[in-house]
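Chemist: Any chance you can model this:
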Amino acid sequence: MSWVKRLYQEFVAATRENKGTFLPLFGCFFLVLFSYSFIRPVCESLFLSSWGAAKMPHVWIISAAATAAVVWVYNKFVSTSRPSGLYAVSNLIAVAFFLLFYFYFSAKNRGFSIIAFIIKDIYVVILIEQLWSFCDATFSVKRAKTLFGILAGACSIGGIIASVMTVWLATILGSNNLLFVGCGALLAGVFLFSYANAKAGQVVGNDDGKRPESGLEKKKKESIWGGFDIVLKSKYLILICIMLMLSQFVTALIGLQFNQILEVQVGELDLRTAYLAKFYGMTNVISLFLQFVVTAPFLHFFGLLVSLMLVPAIMGIGSFAFFFTSTMFVIFATRLANKSLTYSVFRSGKEILYIPLTYIEKYKAKAVIDMFIYRFAKGGIGAVIIGLQVIMVVTAIRINYIVIGLILLWILIVPVLIGEYKKREIARAQG
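Modeler: Here you go, the predicted structure:
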């Protein structure tokens, strides 16, 4: 049990070293997923009632374009704004939209249901990535291996509590009234993040602790490309993009398989909302176990390579099994594993990849990768599905062939990425 004692000692040391930021950040992660677990089932259930699962690929494309615009605007303010200010504005915009959404909530407002579906995807990515950017710029690699899994666990705790409440409240209060709870959680998170930023002692800066206001950094800040050019000039960042695109291709397609079956088996709006809440609740329970019990030991003892290979390997097993048993149980289990591992071991490992980056890369380039690429990948695979729908019926089994091929590419790219990461770490250590 010496390794357990070692991990406990690492945790105690890490929390003491960062006691002014760790607990409020834990609360922020909790509140974002707490709010999202109320808002997401509402928006998804309404969309399925209004348009059906067949229209999801079209929305993925629109969402990619919308996210690109949001990231471009967001990156215009990164170098000159406090992280707490950006976080507050992002939350307030989301709250304003969902309060407006409340007054237009109806399956008859089909256009507005699309907007709501897109906004709920964009807002959660923006808030979560802002929190992770702050963490990447605040914690060392050593501390990250210990604390990142626990911070991700805060998301799961928030999601679990909210999912239980959603299952209970959806059929009592009605889906639309759950939006008020989600908005209240977002506003509470603004105060916690402001406290964390203040306790950090200074606005998060670049590697020497100074704001990037001179020379090359100033030129980058003024670039009209809003961070996209930074990504394209770096082999390392491009490799991260490729890995995340492949992971999102797989996640989106498995989600489409899941929704195709769900649409047929659960037809009523509030029952579907409750079913989705149960699924996300189970996801968060498993994620919580992985985040608190598995992630830190895995990262410490197996390293980044194995940690980042774990998700595609297990997805491959689940998707291969779907060829032989094409049931809701198999796709439910595969998607459950996909979401749980992505939110835990894979998430923490992915965030460590960003630690060797400069301040501008951590905020601007990371925003492009984790906000835009996340949606661009879904939009790209959505375009492929739409094209296939023209020439054939896109069934869950046919989607599975694409999934298997993408997983194989995903597995091949990870070792190349880790090789570049090690070069970055060596260069960083040498100054």
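
Chemist: Name the residues that touch stretch 82-90?
Modeler: Applying C-beta atoms under 8 Å, 6 or more residues apart in numbering, the external contacts of stretch 82-90 come out as 74, 77-78, 123, 126-127, 130-131, 133-134, 189-190, 193-194, 196-198, 203-204. In this view, the C-beta of every residue, glycine as well, is placed from N, C-alpha and C.

Chemist: Type out the PyMOL command that picks the buried ones from those residues.
Modeler: To isolate the buried members of those in PyMOL, using 16 or more other C-beta atoms under 10 Å:
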select buried, resi 74+78+123+126+127+130+131+133+134+189+190+193+194+196+197+204
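
Chemist: Near Tyr401, how many other residues are there?
Modeler: Tyr401 is flanked by 11 other residues according to other C-beta atoms under 10 Å.

Chemist: mind checking pLDDT for it?
Modeler: Note for Tyr401: predicted pLDDT of 90.

Chemist: Need the three-state assignment for it.
Modeler: The three-state label given to Tyr401 by DSSP: H, G, I helix; E, B strand; the rest coil is helix.

Chemist: can you tell me which residues contact Phe320?
Modeler: Neighbours of Phe320 in contact, by C-beta under 8 Å, 6+ apart: Ile404.

Chemist: what residue is smack in the middle of the chain?
Modeler: In the chain, the residue lying closest to the centroid (C-alpha atoms, centre = their mean) is Val125, at 5.5 Å.

Chemist: Where does that residue sit, in terms of helix or strand?
Modeler: Using DSSP states H and E, Val125 sits in helix 110-138.

Chemist: and if you look at Leu187?
Modeler: Short version, using DSSP H and E: Leu187 is in helix 178-199.

Chemist: Report the separation between the two terminal residues of stretch 168-186.
Modeler: 21 Å (C-alpha to C-alpha, to the nearest Å).

Chemist: surely Ile360 meets Ile230?
Modeler: Yes - applying C-beta atoms under 8 Å as the test, Ile360 and Ile230 come out as touching, 6.6 Å apart.

Chemist: what's the spacing between the helix holding Leu187 and its chain's center?
Modeler: With C-alpha atoms, centre = their mean, to the nearest Å as the basis, helix 178-199 stands 18 Å off its chain's centre.

Chemist: tell me the mean pLDDT for that helix?
Modeler: 84.

Chemist: which other helices and strands contact that helix?
Modeler: helix 19-50, helix 83-103, helix 110-138, helix 141-173 (3 or more C-beta pairs under 8 Å, 6 or more residues apart in numbering; DSSP states H and E).

Chemist: any chance of those helices in a markdown table, plus mean pLDDT and distance to Leu290?
Modeler: Listed next are those as a markdown table, based on pLDDT from 0 to 100; distance: least, C-beta to C-beta, whole Å:
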| stretch | mean pLDDT | distance to Leu290 |
| --- | --- | --- |
| helix 19-50 | 82 | 15 |
| helix 83-103 | 83 | 27 |
| helix 110-138 | 82 | 17 |
| helix 141-173 | 78 | 8 |
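
Chemist: got those helices as JSON lines, with distance to Ser348 columns?
Modeler: Shown next, in JSON lines, are the helices and strands packed on helix 178-199 (distance: least, C-beta to C-beta, whole Å):
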{"stretch": "helix 19-50", "distance to Ser348": "12"}
{"stretch": "helix 83-103", "distance to Ser348": "20"}
{"stretch": "helix 110-138", "distance to Ser348": "10"}
{"stretch": "helix 141-173", "distance to Ser348": "4"}
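
Chemist: Pick the most deeply packed of those helices.
Modeler: Of all these, helix 19-50 has the most neighbours on average by mean count of other C-beta atoms under 10 Å, namely a mean of 24.

Chemist: following that one, which helix or strand comes up?
Modeler: Using DSSP H and E, the first helix or strand after helix 19-50 is helix 56-78.

Chemist: Restricting to C-alpha, output that next one in PDB.
Modeler: Backbone C-alpha positions of helix 56-78 (Å, rounded to 0.1, in the frame of the first residue of the first chain) are rendered in PDB as follows:
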ATOM      1  CA  MET A  56     -28.300  16.100 -35.900                       C
ATOM      2  CA  PRO A  57     -25.500  16.000 -38.500                       C
ATOM      3  CA  HIS A  58     -26.900  19.300 -40.000                       C
ATOM      4  CA  VAL A  59     -26.800  21.000 -36.600                       C
ATOM      5  CA  TRP A  60     -23.200  19.800 -36.100                       C
ATOM      6  CA  ILE A  61     -22.100  21.700 -39.200                       C
ATOM      7  CA  ILE A  62     -23.900  24.900 -38.100                       C
ATOM      8  CA  SER A  63     -22.400  24.500 -34.600                       C
ATOM      9  CA  ALA A  64     -18.900  24.300 -36.000                       C
ATOM     10  CA  ALA A  65     -19.300  27.600 -37.900                       C
ATOM     11  CA  ALA A  66     -20.900  29.200 -34.800                       C
ATOM     12  CA  THR A  67     -18.000  28.000 -32.600                       C
ATOM     13  CA  ALA A  68     -15.400  29.300 -35.000                       C
ATOM     14  CA  ALA A  69     -17.000  32.800 -34.700                       C
ATOM     15  CA  VAL A  70     -17.200  32.600 -30.900                       C
ATOM     16  CA  VAL A  71     -13.500  31.500 -30.600                       C
ATOM     17  CA  TRP A  72     -12.400  34.300 -32.900                       C
ATOM     18  CA  VAL A  73     -14.200  36.900 -30.800                       C
ATOM     19  CA  TYR A  74     -13.000  35.200 -27.500                       C
ATOM     20  CA  ASN A  75      -9.400  35.300 -28.600                       C
ATOM     21  CA  LYS A  76      -9.600  39.000 -29.300                       C
ATOM     22  CA  PHE A  77      -9.900  39.600 -25.600                       C
ATOM     23  CA  VAL A  78      -7.600  36.900 -24.100                       C
END
